[in-house]
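> next come a sequence and a model predicted from it.
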Amino acid sequence: MNQFSSILRILNGLFLVVGFLLQDASAQNDDYNIILIFADDMGYGEVGSFYEDSPFKTPHLDRVAKEGAKLTSFYVPTPYCAPSRGTILTGRYPFRHSLVSNPSPDSGNNDIGLPPSEITIAELLKEKGYATAAYGKWHLGHTKPWLPRSQGFDEYYGVLYSNDMYPVQLVRNEEVVEYPVVQAKLSQTYTDLTIDFIKRNRDRPFFVYLPHAMPHKPLAVSDDFYTPDTPKDLYADVIAELDHCVGQVLDAVKKEGLQQKTLVIFTSDNGPNQGGSSGGLRGMKGRTWDGGLKVPFIAHMPGTIPPGIENSQPAATVDMLPTICALAGIDVPSDRMID
């Protein structure tokens with residue numbers, strides 16, 4: 001038990017690369033913005049700077065990693081969707097926030113979601129006056145009382161569950177606005193909404209949660225990135241567009257003059273599915289080997305996070321909430337265990 005306690009103490013302090021830097025920054029100014037980009041099923045080997053033999057090209061993500069911090073031992077709590085999403089927003093392992101399986105309308109699993117009693121990053125930031133938005137895959141409950149705007153988000157646009165679950169509907173706040181959905185437009189649509197939100201809220205602190213649909217199957221890509229001459233290479237097209245979209249968000253932050261006060265985080269909810277790359281790690285999505293749980297992680301904030309940081313110490317999505325709270329000068333909830 002003493003060894004276990006020591007390990008816990010060590011792990012609680014391991015997010016030093018970003019954590020202590022942001023705490024130092026929060027002493028100077030508390031009006032920082034946060035953009036949390038969460039890819040779906042993107043494996044460790046799908047970002048070039050994490051795996052030199054990656055079959056995919058990710059020049060924008062590679063640039064962001066070079067300009068900021070790259071964590072090479074970063075983990076999610078489960079190798080599948082909903083529990084992982086609950087953890088990144090609450091700082092709590094799934095057995096604590098209780099969403100341990102995936103809501104799914106086509107299988108009749110409709111009566112589960114992230115409990116309203118859970119406190120999300122969005123709720124904490126909203127109390128401090130932040131504008132908050134979520135654009136993309138929610139998958140924390142698709143019926144009341146589990147919808148995004150009941151968990152601290154001012155606005156929402158996206159598919160409330162996985163893009164392979166029937167019916168795939170685009171929802172704005174609580175209303176269906178598109179059905180059927182042209183999934184090839186999703187990556188760019190979510191990116192455009194994020195950029196618009198940045199512009200609209202450039203004069204106040206904001207939090208954007210951007211959980212992309214891709215590269216979860218069914219794969220879909222816009223005409224700008226589809227390569228008809230290599231039809232068997234659709235996965236690479238999808239990664240190229242996702243990488244481009246990340247670059248667009250970073251460019252928008254820079255254009256608005258917000259680079260030094262905006263923390264941009266990029267990671268994934270679990271390891272890759274068929275067609276993706278785990279970077280040589282054993283296992284994939286749905287498996288509790290490293291290939292299912294170890295994901296790429298990049299943090300970018302010029303002036304606060306020095307360029308070129310690479311840290312191999314273990315860190316995880318449970319570290320997001322306390323790190324963001326430290327940046328915003330907010331106390332973590334004291335009435336529950338924050339892992």
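All right, it came through fine.
> secondary structure element holding residue 325?
Following DSSP states H and E, one finds residue 325 within helix 320-328.
> same check, this time on residue 275
Using DSSP H and E, residue 275 sits within no helix or strand.
> what separation do you get for it and residue 48?
Taking Cβ to Cβ, to the nearest Å as the measure, residue 275 falls 17 Å from residue 48. C-beta: built from backbone N, CA, C; applies to glycine.
> start to end distance for stretch 90-109?
Stretch 90-109 has its terminal residues 22 Å apart, counting by Cα to Cα, to the nearest Å.
> and that stretch, which residues are buried?
When burial is assessed from 16 or more other Cβ atoms under 10 Å, stretch 90-109 yields the following buried residues: 90, 91, 92, 93, 94, 96, 97, 99, 102, 103, 104, 105.
> and these, which two are the farthest apart?
Pairwise distances among the buried residues of stretch 90-109 were taken by Cβ to Cβ; the largest, 27.8 Å, belongs to 91 and 105.
> ok, then the element right after the lengthiest helix in the chain?
Secondary structure assigned by DSSP state H gives helix 234-255 as the longest helix of the chain. Scanning forward in sequence from helix 234-255 by DSSP H and E, the next helix or strand is strand 262-268.
> summarise which helices and strands that following strand is packed against.
The helices and strands touching strand 262-268, judged by 3 or more Cβ pairs under 8 Å, 6 or more residues apart in numbering; DSSP states H and E, are strand 33-39, helix 59-67, helix 234-255, strand 294-300, helix 320-328.
> can I get that strand in CSV, CA atoms only?
The C-alpha coordinates for strand 262-268 follow below in CSV (Å, rounded to 0.1, in the frame of the first residue of the first chain):
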residue,chain,number,x,y,z
THR,A,262,-4.3,30.7,-25.8
LEU,A,263,-3.5,27.1,-24.8
VAL,A,264,-4.2,24.7,-27.7
ILE,A,265,-4.2,21.0,-26.8
PHE,A,266,-4.4,18.2,-29.3
THR,A,267,-4.9,14.5,-28.4
SER,A,268,-7.1,11.5,-29.1
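> pull up the pairing partners for that strand, direction included.
Using DSSP bridges, the strands paired with strand 262-268 in its sheet are strand 33-39 (parallel), strand 294-300 (antiparallel).
> could those strands be laid out in CSV, adding distance to residue 109, mean pLDDT and mean neighbour count?
Formatted as CSV, the entries for the strands paired with strand 262-268 read as follows, by distance: least, Cβ to Cβ, whole Å; pLDDT from 0 to 100; neighbours: other Cβ atoms under 10 Å:
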stretch, distance to residue 109, mean pLDDT, mean neighbour count
strand 33-39, 21, 98, 25
strand 294-300, 25, 98, 27
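> dump those strands to a markdown table, plus distance to residue 133.
As requested, the strands paired with strand 262-268 are exported to a markdown table (distance: least, Cβ to Cβ, whole Å):
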| stretch | distance to residue 133 |
| --- | --- |
| strand 33-39 | 10 |
| strand 294-300 | 19 |
